[in-house]
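Asker: Next come a sequence and a model predicted from it.
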Amino acid sequence: MSTSPFPSGPIQALRGHALVLPGDDIDTDRIIPARYLKCVTFDGLVDGVFADDRAERAGDHPFDRPEQRGASILVVNRNFGCGSSREHAPQALMRWGIRAVIGESFAEIFFGNCLALGIPCLTADHDAVLALQAAIAADPGTVLQLDLDPPRVTLSGDGSSRVWPLGLPAGPARMLVSGEWNGTAQLVAHDNELRATVARLPYMAGFT
Amino acid sequence: MSAGTLYDKVWELHRVADLPGGATQLFIGLHLIHEVTSPQAFAALHDLGLAVRHPERTVATVDHIVPTTSQARPFADSLAEEMLATLEANCATHGITLHGLGSGRQGIVHVIAPELGLTQPGMTVACGDSHTSTHGAFGAIAFGIGTSQVRDVLASQSLAMGKLKVRRIRVEGELQSGVFAKDLVLHIIRRLGVKGGVGYAYEFAGPAIEALSMEERMTLCNMAIEGGARCGYINPDAVTFAYLKGRPHAPTGEAWERAVAWWSGLASDADAVFDDEVVFDAAAIAPTVTWGITPGQGIGVDETVPTLEQTEADERPIAEEAYRYMDLSPGAPIEGLPVDVCFIGSCTNGRLSDLRAAAAIARGRHVAVGIKAFVVPGSEQVAAAAEAEGLDAVFREAGFEWREPGCSMCLAMNPDRLEGRQISASSSNRNFKGRQGSASGRTLLMSPAMVAAAAVSGHVADVRRLLAIPTNPEPAATSA
Ligand code: SF4
């Protein structure tokens, strides 16, 4: 389990071991079962990461394999993070040590929740994800170099290296690279614009 | 106002600013909060030293963690008690209205906001809960958000958002008797897939949609998110206005007239351009049941579990996982599958018309031996209305338990849950592995009438057959 501090500031590149979690449509109920949501802080969430799946697979789950300890880049398939909007899911993954996710596609709310924590979710096409997963499976100790500008992942080993281009929409990419991914201050700063918006919405004045 | 979709118009009206990252800052007209996704947001707000910008636009209730048997405080579960106490303290500190237990207005957040008239056409509605899409039934743009975004809405009454594309889903024809909005939405998700809506808002339109009541529209929009669409909506019309009129937060008098005029103008224009369009025939839809572990794995009650050959190549791995988890064989009929637990309730199907449809099946029948069946009204108001017309008695006489309002067995955050490998017939919205509280528990999603049919039959049953059978036949007028 990583003890590195949570993401902060500009996020331009990451280096780390990868963890492959195969399967489409992995929902947030599986990432963190609902019983772990009974909390008023996010602090203890790490215990709940994939709790039911890990119990079912009794030590053979990717999150339990010794060679995956310390992995920071999660590689998934399609529609990762669908279902419940719970931010507990990325919070739990982040507390486990995940700092970036690569996959074929992500559920939108999950993507946004990750972005708000400074965890980039990058897409790659079907074949690239499978190739990347196969390469990592062949050598779990391999180190991935993840760049956000332009978004791509580089896998080095055996004296050669392979590069896959990744997808990240321009807006989130700019937010992460500039370090402005935690945007509350920006929103609060536009108070005049907010007032102007309120003024043109008749329901805000009760249609009087 | 320029030609466009309702989504475009509402988006433009609520646009506060363009953000440097390329997102739009969108004003949020109604912010709903509950005990699960708000405490960390309030804590973050305190850390930033910020106040709640528009406390009068945030409304709170408690739903996920409340027990449905006895709601006496303090709760037996100390974690649940702490969550509610935290919500109460946060609401008191920030001047936010909380519709708490026993207030007469408590209930599942997506049930109470519409019934109080808080949800109105043309609003943006956000809540730290994915089924916020429910409120789109009113022609609102309503979507679920994460806890960091709850913090943002508290702090600024706005959110950084990217604009979605809009897919119009036109439903022609008429639903058969015994086929409900729940069947319609399960059918749509079956056809378009659980990720088909990613990147889209769904506009539901066409004659079959216009014919739906507001409660049915809420069921439909509630599950847009299960099809991957972050929001789903229906253009406001006379049905919408009739539902809203006279509700506690609805405008009155001249303001009502002005509101109706404004709301009417927001509907998608006849020449609005959509990014995509699909058409369904309502008459072709049967009562639908999920057999697998995603809401897209649904079949007509008269169909069999699809074989791998009948499954798209990219859906086969999850189909295989579902056969194993559900312990169902490809090609097996779903009708006749024995169930253990029958749950009627949730934000999808916990409203008065849902309870009426289920009671119509339960009346004069009895829950089959060995089945646990219970009904959980979606709110205190739904409970009171149902009791006023004697539905609680119908259910009790038929052997169902009649419970207090809450999310109950939709998810496992309160005492209601499956045990071991129990299989439930459930009117809720998610059949994910472990969703109902047991890591090996199994869920079959269906309409409330179908759940009632399963309860009295002891197995999955075609509600159309039960509707055709007179249960209390009148003595024949003439004897042969
Ligand atoms: S009823 Fe279920 S889906 Fe609806 S808000 Fe409650 S837990 Fe969520």
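Answerer: Structure's in. What do you need?

Asker: for the stretch 151-300 of chain B, what spans make up the strands?
Answerer: B:158-161, B:165-172, B:200-205, B:231-233, B:276-281, B:288-290, B:298-300 (DSSP state E, counting those that start in this stretch).

Asker: among those strands, which is the most enclosed?
Answerer: Highest mean neighbour count of the strands of the stretch 151-300 of chain B: strand B:231-233, a mean of 30 (counted as mean count of other Cβ atoms under 10 Å in any protein chain shown). Backbone N, C-alpha and C define where each C-beta goes, glycine included.

Asker: Is that strand in proximity to chain A?
Answerer: No. On the criterion Cβ under 8 Å from any Cβ of the partner chain, strand B:231-233 is out of touch with chain A, staying 10.1 Å away.

Asker: hmm, back to that, could I get the strands of the stretch 151-300 of chain B in a markdown table, plus columns for distance to the ligand and mean pLDDT?
Answerer: Formatted as a markdown table, the strands of the stretch 151-300 of chain B follow (distance: least, Cβ to the nearest ligand atom, whole Å; pLDDT from 0 to 100):
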| stretch | distance to the ligand | mean pLDDT |
| --- | --- | --- |
| strand B:158-161 | 20 | 95 |
| strand B:165-172 | 21 | 98 |
| strand B:200-205 | 18 | 98 |
| strand B:231-233 | 15 | 97 |
| strand B:276-281 | 24 | 98 |
| strand B:288-290 | 15 | 98 |
| strand B:298-300 | 17 | 98 |
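
Asker: What residues does residue A:208 make contact with?
Answerer: Shown in contact with residue A:208 (Cβ atoms under 8 Å, 6 or more residues apart in numbering or on different chains): residue B:255.

Asker: Shouldn't it be within a helix?
Answerer: No. Read with DSSP: H, G, I helix; E, B strand; the rest coil, residue A:208 is coil and lies in no helix.

Asker: State the helix or strand in which residue B:8 lies.
Answerer: helix B:6-14 (DSSP states H and E).

Asker: mind checking how far the longest helix anywhere in chain A is from the chain centre?
Answerer: If you go by DSSP state H, chain A has its longest helix at helix A:126-138. How far helix A:126-138 lies from its chain's middle: 18 Å, per Cα atoms, centre = their mean, to the nearest Å.

Asker: ok, now which ones touch residue 174?
Answerer: Just going to use chain A. A:180, B:20, B:21, B:22.

Asker: um, chain B though
Answerer: Contacts of residue B:174 by Cβ under 8 Å, 6+ apart are B:207, B:208, B:211, B:282, B:283.

Asker: try residue A:31
Answerer: Here residue A:31 is in contact with A:49, A:50, A:81, A:89, A:92, A:93 (Cβ under 8 Å, 6+ apart).

Asker: With residue A:98 instead?
Answerer: A:19, A:71, A:72, A:73, A:74, A:119.

Asker: Look up phi and psi at it.
Answerer: phi -70, psi 130 (degrees, to the nearest 10).

Asker: Can you mark which positions in the lengthiest helix in chain B are buried?
Answerer: When chain B is parsed with DSSP H, its longest helix is helix B:78-94. Residues B:80, B:82, B:83, B:84, B:85, B:86, B:87, B:90, B:91 are the ones in helix B:78-94 that count as buried (16 or more other Cβ atoms under 10 Å in any protein chain shown).

Asker: which residues of the stretch 301-450 of chain B score low on pLDDT?
Answerer: Low-confidence segments of the stretch 301-450 of chain B, defined by pLDDT under 70, are absent.

Asker: swap the cut-off to 90 and go again
Answerer: Low-confidence segments of the stretch 301-450 of chain B (pLDDT under 90): B:412.

Asker: Can you report how many residues lie near whatever residue of chain A ends up closest to the ligand?
Answerer: At 7.3 Å from the ligand, residue A:84 is the closest residue in chain A, using Cβ to the nearest ligand atom. A count of neighbours around residue A:84, defined by other Cβ atoms under 10 Å in any protein chain shown, yields 29.

Asker: tally of neighbours for the closest residue to it other than its chain neighbours?
Answerer: Sequence neighbours aside, residue A:28 is the residue nearest to residue A:84 in space, at 4.6 Å (criterion: Cβ to Cβ, 6 or more residues apart in numbering or on different chains). Residue A:28 is flanked by 27 other residues according to other Cβ under 10 Å.

Asker: list the contacts for residue A:28?
Answerer: A:81, A:82, A:83, A:84, A:85, A:86, A:88, A:89, A:110.
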